[in-house]
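In: Return atomic coordinates for the entry below.
(chains A and B)
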2 protein chains.
Amino acid sequence: MTERKGNLMDVRDDIKVLDATIRDGGLCNNFAFTDEFVTELYKMNVRSGIDYMEFGYRASRNMFKESDFGKWKFCKEEDIRAIVGDNPSDMKIAVMADVGRCDYKTDFLPKSESVIDMVRVACYIHQIPTAIEMIEHFSSLGYETTCNIMAISQASTDQVEQALKMLAESSVDVIYLVDSYGSLYPENACELAKVYLAAVEGTNKKIGFHAHNNQNLAFANTIETMSYGVSYLDATVQGMGRGAGNCAMELLRGFLKNPKYNLYTLLRFIEKYMIPLKEEGVVWGYDLQYMFTGLMNRHPREAIEFTSKGRSDYSEFYKALLDNE
Amino acid sequence: MTERKGNLMDVRDDIKVLDATIRDGGLCNNFAFTDEFVTELYKMNVRSGIDYMEFGYRASRNMFKESDFGKWKFCKEEDIRAIVGDNPSDMKIAVMADVGRCDYKTDFLPKSESVIDMVRVACYIHQIPTAIEMIEHFSSLGYETTCNIMAISQASTDQVEQALKMLAESSVDVIYLVDSYGSLYPENACELAKVYLAAVEGTNKKIGFHAHNNQNLAFANTIETMSYGVSYLDATVQGMGRGAGNCAMELLRGFLKNPKYNLYTLLRFIEKYMIPLKEEGVVWGYDLQYMFTGLMNRHPREAIEFTSKGRSDYSEFYKALLDNE
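Out: As a prediction, this is how the structure comes out:
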């Protein structure tokens, strides 16, 4: 067994925290954040030492109508610049590019002309060849890149090994283990993380973890995989994200010992911006229906529908899920 | 490093699940459960394979006025029998006896005349000598016994080692690691669990874990310590318990592979009895104020007060806690 890296008192300089509130949280409110919200989140993240802030998706405007979504579904250069100017801070800006839902050949400027620093390529494991083509393109434009392999709990060991081998030979900077269904436990999340870490040993590539909270394990899985060497950590304010949400930034900042990750500024932001968001009716977070889909290792779409209908007949819902497993 | 015991597919026959809903949950509603609630919880626990059900405290009626509390603060023999009769089931009945708040010499019948199977002795680490005196008394009466050493995150390594040595030589059946402040992470919870397990090696004694959810780690810490050999697992329905609450029974039942732990019957109970309880205004569960006290390794009393006042000025509360650390 690989040993843990560092201990509970250490500051690990390799740790990078990425705030994905607008991107994963945008899936809860159709990306309809106000400019004030995004501006204050940006300023707060800068003040409290966050390493990367993900603004949203750069989705294809051929496939998706701009009027159907908030602007962070598309993350146009001018929209990001309206918030961050030239981003005169140490924090880097990321956007996500989904395989198959992004016009990557036409929609990205060279890095030298863009305020974006990193492009995160999200794919399912069978889409790795396309993901790598995109990664090489973004890399040649000068961007940092990640490959976020989603729904990893449904991939076979062979698939994972093959994908990691291909990515290890690519230009990608960070490979993310993504527990899209929130179905991993600390034990198997760590085993998987060790496989990822072994695959990039001897390279400069890093491993990241993106958690979902279906079984209330998002924070636990994040810090446990971190303890074995995962260094890019995704979190969102109050765990805001699709369905059961993600690893909560406040829990992660509380845990990390690096004094730059300031908790107080985050609490002020929560009071002023997150509580009103919840009061407006934006819903996310752990609940029984998400536990069921996490337990069954399946997409949370039925649980999201259950939530949006305001249902509370958990036992009927559970039975129905069992019936179509 | 001790290896994990079993794997994620195994049924481990040594696992015992204890439902502490009435006891720890009673701290949220002053033990004012209806007889119907307790009866249906009992029946549901029996139907779904729970190994122990804790009914409450047997507190001193000299120290506490009966009219100030619901009956499960005192767990009189006749009150338990009114729910369970002679308990014609495989599930065992437990009550908790707090060191210093219990008339243990006068208030317990011999086991042969009681429907109670197990007495759990709760103490702080400096009270171990008294706890052992109580344990020997209960053991001589014929009861199974546990020692629940509370607030373990504040004890020194020396204290823990000495306490475990004394308990290993006593008649106690189960020694519980109790994370009263919800301040342990999976990493140090597991290290502590290994110390406990090592202390009882070669005896018939077992190790238990009782979690609190201040940092949303109650379930994670429970299954992680379990994976190294902890076998008595406390949980409460929907995590109902003081402050941030405990390990949620539904998450634990979902995780455990033994088919006797039925999830469906629990969901029916939640719909019928837990949702109304919440609607009546009984409050528990993870929130920022509990995270702060967990992080600072201190008693949640200020966070409970913050909650009961309906405050949401988290940043002010956090600052005030820092000021009097």
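
In: so who does A:Leu41 touch?
Out: With contacts defined as CB atoms under 8 Å, 6 or more residues apart in numbering or on different chains, A:Leu41 is in contact with A:Asp19, A:Thr21, A:Ile22, A:Met53, A:Val237, A:Phe269, A:Tyr273. Just so you know, the C-beta spots here come from the backbone N, C-alpha and C atoms, and that holds for glycine as well.

In: and chain A, which residues reach chain B?
Out: Applying CB under 8 Å from any CB of the partner chain, one finds that chain A approaches chain B through A:1, A:4, A:8, A:185-188, A:215-217, A:219-221, A:223-224, A:227, A:248, A:250-251, A:254-255, A:263-264, A:267-268, A:270-271, A:275, A:288, A:291-292, A:295, A:312-315, A:318-319.

In: just the buried members of those residues?
Out: In terms of neighbour count (16 or more other CB atoms under 10 Å in any protein chain shown), the buried residues within those are A:185-187, A:215-217, A:219-221, A:223-224, A:227, A:248, A:250-251, A:254-255, A:263, A:267-268, A:270-271, A:288, A:291-292, A:295, A:314-315, A:318.

In: Restricted to helices, list those residues.
Out: Using DSSP state H, the subset of those located in helices is A:186-187, A:219-221, A:223-224, A:227, A:250-251, A:254-255, A:267-268, A:288, A:291-292, A:295, A:314-315, A:318.

In: ok, how many other residues are close to A:Tyr323?
Out: For the record, residue A:323 is Asp, not Tyr. Counted with other CB atoms under 10 Å in any protein chain shown, residues neighbouring A:Asp323 total 7.

In: And for A:Ile83?
Out: 21.

In: which ones are touching the residue of the stretch 101-250 of chain A found nearest chain B?
Out: Scanning the stretch 101-250 of chain A for proximity to chain B using CB to the nearest CB identifies A:Ala220 as nearest, at 3.3 Å. When the contact criterion is CB under 8 Å, 6+ apart, the partners of A:Ala220 are A:Pro186, B:Pro186, B:Asn216, B:Leu217, B:Phe219, B:Ala220, B:Asn221, B:Glu224.

In: Surely the fourth one is in contact with B:Glu187?
Out: No - counting by CB atoms under 8 Å, B:Leu217 stays clear of B:Glu187, with 10.5 Å between them.

In: returning to that earlier point: the residue of the stretch 101-250 of chain A closest to chain B and B:Leu251: what is the separation?
Out: Per CB to CB, to the nearest Å, A:Ala220 is found 11 Å from B:Leu251.

In: roughly how far apart are A:Val84 and chain B?
Out: Taking CB to the nearest CB, to the nearest Å as the measure, A:Val84 and chain B are separated by 25 Å.

In: which outside residues touch the helix or strand A:Thr146 falls within?
Out: Counting by DSSP states H and E, the element that carries A:Thr146 is strand A:144-149. In this structure, residues lying in contact with strand A:144-149 by CB under 8 Å, 6+ apart are A:92, A:94, A:96, A:117-125, A:128, A:131-132, A:135, A:138-139, A:155, A:163, A:167, A:170-178, A:208, A:210, A:232.

In: Paired strands for it, with orientation please.
Out: When sheet partners are counted by DSSP bridges, strand A:144-149 sits next to strand A:118-123 (parallel), strand A:174-178 (parallel).

In: For chain A, which segments count as strands?
Out: Using DSSP state E, the strands of chain A run over A:16-19, A:52-57, A:92-98, A:118-123, A:144-149, A:174-178, A:206-210, A:232-235.

In: could I get those as TSV with mean neighbour count and mean pLDDT?
Out: Listed next are the strands of chain A as TSV, based on neighbours: other CB atoms under 10 Å in any protein chain shown; pLDDT from 0 to 100:
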stretch	mean neighbour count	mean pLDDT
strand A:16-19	24	98
strand A:52-57	26	98
strand A:92-98	23	98
strand A:118-123	25	98
strand A:144-149	24	98
strand A:174-178	24	98
strand A:206-210	25	98
strand A:232-235	26	98
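
In: now for those strands, which one comes closest to A:Gly26?
Out: Closest to A:Gly26 of these is strand A:52-57 (CB to CB; 5.6 Å).

In: Just give the number of residues close to the nearest residue to A:Val11 once chain neighbours are set aside.
Out: Distance criterion CB to CB, 6 or more residues apart in numbering or on different chains; nearest residue to A:Val11, sequence neighbours excluded, is A:Asn258 at 4.6 Å. With neighbours defined by other CB under 10 Å, the count for A:Asn258 comes to 13.

In: just to revisit the earlier point, so what sits against both of A:Ala220 and B:Leu251?
Out: Applying CB under 8 Å, 6+ apart, one finds that A:Ala220 and B:Leu251 are jointly contacted by B:Phe219.

In: re earlier: mind putting the strands of chain A into TSV with distance to B:Glu279?
Out: As requested, the strands of chain A are arranged in TSV below (distance: least, CB to CB, whole Å):
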stretch	distance to B:Glu279
strand A:16-19	35
strand A:52-57	37
strand A:92-98	39
strand A:118-123	40
strand A:144-149	40
strand A:174-178	36
strand A:206-210	35
strand A:232-235	32
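
In: For A:Leu192, which of those strands is the nearest?
Out: Across the strands of chain A (criterion: CB to CB), the nearest stretch is strand A:174-178, sitting at 5.8 Å.

In: what angle sits between the closest one and helix A:218-227?
Out: Angle of strand A:174-178 versus helix A:218-227, following axes from the mean of the first three to the mean of the last three CA atoms, to 10 degrees, is 140 degrees.

In: Got the domain ranges for chain A?
Out: A:16-279, A:288-323 (automatic domain parsing).

In: what residues are up against whichever residue of the stretch 1-150 of chain A sits closest to chain B?
Out: With CB to the nearest CB as the measure, the residue in the stretch 1-150 of chain A that lies nearest chain B is A:Leu8; the distance is 6.0 Å. Taking CB under 8 Å, 6+ apart as the definition of contact, the neighbours of A:Leu8 are A:Lys257, B:Tyr185, B:Glu187, B:Asn188.

In: Hmm, the third one is touching A:Ser227, no?
Out: Yes - between B:Glu187 and A:Ser227 there is a contact under CB under 8 Å: 5.8 Å.

In: where do the contact lists of those two overlap?
Out: Contacts common to B:Glu187 and A:Ser227, judged by CB under 8 Å, 6+ apart, are A:Arg4.

In: Give me the phi and psi angles of A:Leu8.
Out: When read as degrees, to the nearest 10, the backbone of A:Leu8 gives phi -70, psi -10.
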